[in-house]
Structure formats: C-alpha cells, structure tokens
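Colleague: Generate coordinates for the sequence data below:
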Amino acid sequence: MRSKGFLIVVSSLILISCLVFIWGCGSVSKGGITRLYLAGRGNYIYAFNVESLTIESSIYLPLANTFVHGVALSPDKRTLYALGVPNWYFGYDYHLTDPLHGNWLLYAIDLATRDLSFTYIVPADINYTWLGCYLAVTPDGQRIITASKLKPAVLSFSTSPLSFEAYTPTDGGDPSYPCGLVISADGRYAYVGNWAYNGSISSSEVYKYDIAAKTIVGTVELDPGYGIGMPSFNPAGDKLYVPSPYDSGTGKVFIIDLAPDFTLETTSIDVGNYPWGIGFSADGKKAYVTNMIDNSILVVSTEVGAYYKVLTDEAGSVPCNVVMDHARNRAYVNGREDGYITIIDTINDTVEAQIVIDSRSDQITPASVMTNSAAGPQGKNSRQSIRPMAF
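Modeller: So this is what the prediction gives:
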C-alpha cells in the first residue's frame, strides 16, 4: 500500500470521443498545463485533464501495425505531431514489402478539427532507418527535429507542408541509440543525446545541432559506460542536465555548460539506477530525477549537488519522464510499464496522487477504447505503457 497521496483508477471504458494523439504531455494555458498527452504502444494517444484528473479523449492512429513513439505540440497548441513506428516483428525490411505499414510515419493532428495527415518519415535512400523515442518542434513552429538509429542521424522536417527536409549523419557508434532531444529557447540549436550499445554501453555523446544550417557544430562526450536519458535545460537556460544510466549500477546526472562554450562540467550528481527524466523547480534550486530500475523519484538540491529525498514505493513501475507544472506546484511523472501518472506536490515534495490509466488488464483492446473508428482488430497489443511525455 502506498503511504502517501491517494490512488485514482481510470478505467479505459470512460474514454470519451477521440480528440488527441499522444505520447507526450500536454497543452499549456495561461494558468499552466491543462492536459497531458500520453501515448503508449498500441496505436492510441490519450488526453489527460490535469484539473479533473481524468482521461477526456483519445485518438486512434489508423495504421494497424504502428506504435505511437513520441509526441510534440506546436507552439500555438493547435497541432499535435506524433511518430508512428512499424511493427518490427515482421522484419527490418518490412518497409520494402509493405511501404504503408513498414515505414516510420510522422503524423500531424489538427486538435480543433481532428483532421489527420501523415508523411513517410523514411526517404528511399535512407531505407530501414529506425527512429528514436523523441521529437521536438522549433519555437517558431516551422520545423520538427528527431533522430534515427541504426543509421545514426539527426532528421529535420518542415511543418508547412509536412515534409522531409534533411538527414544529417552523426559519428555515433553502431548500433546507435538516440535517447533524448531538446531545442533551445531561441530555436537555434537542438541538443541530441546518443549512445552506442552492443551488449554494453560503449560511448555516449550529446550533439549540438544547428537547426538552420542543418549541421552538427559541437559534441560533448560523457564518461565511459554512461548512457543518456532525457536531458533538460535548467530554468536559466545556460546549462543542460543529462540523466545518464550506468552500464552496471548507479547512474549520474551530468551537467553541460552551453555558454560561452559547449563543455562538460567536471562535477556531476550521483543518483539512482537507470536515471532517465529530470525537471526543475521554477527557481532552479530543486530537480526531480526518475530512476527506472529503482522505481524511484529523487528530489535533488542543485546547489549542493546531491539528492536529499527519495520517493520510492510511490513512483509507479519504471518512472520515466518529468513534466513541471509551476502554476499548480506540481510535477507529473509517467510510469512506462504500468500506465501510472504520479503527481508530486513540489512544495512539500510528497506524492499528491497516482492515476492508473487502466488497472483491469495488462492490455488495451480496440473494443475498450475506440470510440470513433472501426479500425478492426490490431492483433497482438503490448501492455498499456505510458512512455515519454511532450508539451
């Protein structure tokens, strides 16, 4: 039993009409975040209202062999973009036998009209490129940036019209896993994490990508044996904090100075096993770090450079990404494997509530969630895992 907060179970049967694609987190109003857009594997995106603590709507991705693998909102909050990934159980060359279902797809959803469009994300000359778990939209709303693995690269797309622009190879190892992507507030640079893994973590880098020039202009290498989770800027915007899982034990948060030079600080913060997400208090003095293997959330003093509180049994299964809601003094954490949304009171650093997307089954079926589409059976669905969040 969880000793703090309370537990709310949201059955999948209450999903009303389909409104949103998700795998991320939500739209922002003047009062703060109003909803989180949550996407798991299984073709669905859910809109979770942070005021009523309920799922208010869902949207179904129409291609039966895709999973939702990353979401991002346009700056005006009118369009939601999502990565649809193929079912790789059919083989890496599935795109050759079935281009529609075998390619990575970039979707755009008009949140007012619910119109949906998509484009092939893999040009013919790139072939079987796999995409990472993240995408981001530039502050002017004109471009989408994501990254690929197997053929490691940073990819750029135009939003008007939705189309492929550029493929910029990196020098990441093979196989290579891009695992984190953020764009600077001025829209000039994207910072893309990448790690090479072949049975163990061999190397990790953070690339500085010039969005206008479509070139990599800087690289910071992390300590050997450390991977990369989801990096985040501090509130001042002059540092990038990088949660880094270690190949065999306790991870760290590395700190990269962004100005005047792109350099790795000599000090780091020891955290838990497989750190992944991080978010900051408004004043930047506290950070919240998730540890996926420990199933914990740490409260870190950025001034001291150490954590001082552990929220362990209340974190849900495999806590992943962190979204800060300063207007409500909250942090939201998604549980990757069990569909939890954990809500943290950032004044008292306690768990305010946990929401279970569906507690009755380890699967979500079309019959139980689909309200606007007769798409037919999807075959084998995976667990309802709520994965990275974007807003």
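
Colleague: C-alpha only now, for contacts and for neighbours.
Modeller: Will do.

Colleague: List the buried residues of stretch 294-312.
Modeller: Going by neighbour count (16 or more other Cα atoms under 10 Å), the buried part of stretch 294-312 is 294-301, 305-307, 310-311.

Colleague: Can you flag which of these belong to strands?
Modeller: 296-301, 306-307, 310-311 (DSSP state E).

Colleague: Please convert those residues to a markdown table, extending it with pLDDT and distance to Val206.
Modeller: Output for these, formatted as a markdown table (pLDDT from 0 to 100; distance: Cα to Cα, whole Å):
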| residue | pLDDT | distance to Val206 |
| --- | --- | --- |
| Ser296 | 91 | 25 |
| Ile297 | 94 | 24 |
| Leu298 | 96 | 23 |
| Val299 | 97 | 24 |
| Val300 | 97 | 22 |
| Ser301 | 97 | 24 |
| Ala306 | 94 | 23 |
| Tyr307 | 93 | 24 |
| Val310 | 92 | 28 |
| Leu311 | 88 | 29 |
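
Colleague: what's the farthest-apart pair in the residues you listed?
Modeller: Ser296 and Ser301 (16.2 Å; Cα to Cα).

Colleague: so what's Gly277 up against?
Modeller: By Cα atoms under 8 Å, 6 or more residues apart in numbering, the residues touching Gly277 are 229-231, 243, 288-291, 320-322.

Colleague: Any regions of the protein where pLDDT drops low?
Modeller: By pLDDT under 70, the low-scoring segments of the chain are 1-32, 40-42, 63-66, 85-103, 120-133, 149-151, 172-176, 313-316, 337-338, 357-391.

Colleague: Try it again at 50.
Modeller: Scanning the chain for pLDDT under 50 picks out 1-31, 64, 89-92, 94-95, 124, 127-128, 359-391.

Colleague: Break down it into its helices, ranges please.
Modeller: For the chain, the helices defined by DSSP state H occupy 94-97, 99-102, 366-369.

Colleague: now Ala236, nearest residue through space, not along the chain?
Modeller: Closest residue to Ala236 apart from its sequence neighbours, by Cα to Cα, 6 or more residues apart in numbering: Gly284 at 7.7 Å.

Colleague: hang on, the one you found packs against Pro235?
Modeller: Yes: using Cα atoms under 8 Å, Gly284 is in contact with Pro235, at 5.7 Å.

Colleague: follow-up on the earlier one: just send the contacts of Gly277 back as a markdown table, with neighbour count and distance to Thr342 too.
Modeller: Output for the contacts of Gly277, formatted as a markdown table (neighbours: other Cα atoms under 10 Å; distance: Cα to Cα, whole Å):
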| residue | neighbour count | distance to Thr342 |
| --- | --- | --- |
| Gly229 | 26 | 19 |
| Met230 | 26 | 18 |
| Pro231 | 27 | 20 |
| Pro243 | 32 | 19 |
| Tyr288 | 26 | 12 |
| Val289 | 28 | 13 |
| Thr290 | 34 | 11 |
| Asn291 | 28 | 14 |
| Cys320 | 31 | 10 |
| Asn321 | 30 | 11 |
| Val322 | 28 | 10 |
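
Colleague: neighbours around the closest residue to Tyr46 other than its chain neighbours, how many?
Modeller: Nearest-residue entry for Tyr46: Ser58, 4.4 Å, with adjacent residues in sequence omitted and distances by Cα to Cα, 6+ apart. Neighbour count of Ser58, defined by other Cα atoms under 10 Å: 26.

Colleague: Same question for Ile343.
Modeller: Ile343: 25 neighbours (other Cα under 10 Å).

Colleague: ok, now how distant is it from Ala108?
Modeller: The gap separating Ile343 from Ala108 is 29 Å, by Cα to Cα, to the nearest Å.

Colleague: farthest-separated two in the buried residues of stretch 294-312?
Modeller: In the buried residues of stretch 294-312, two members sit farther apart than any others by Cα to Cα. They are Asn295 and Gly305, at 21.2 Å.
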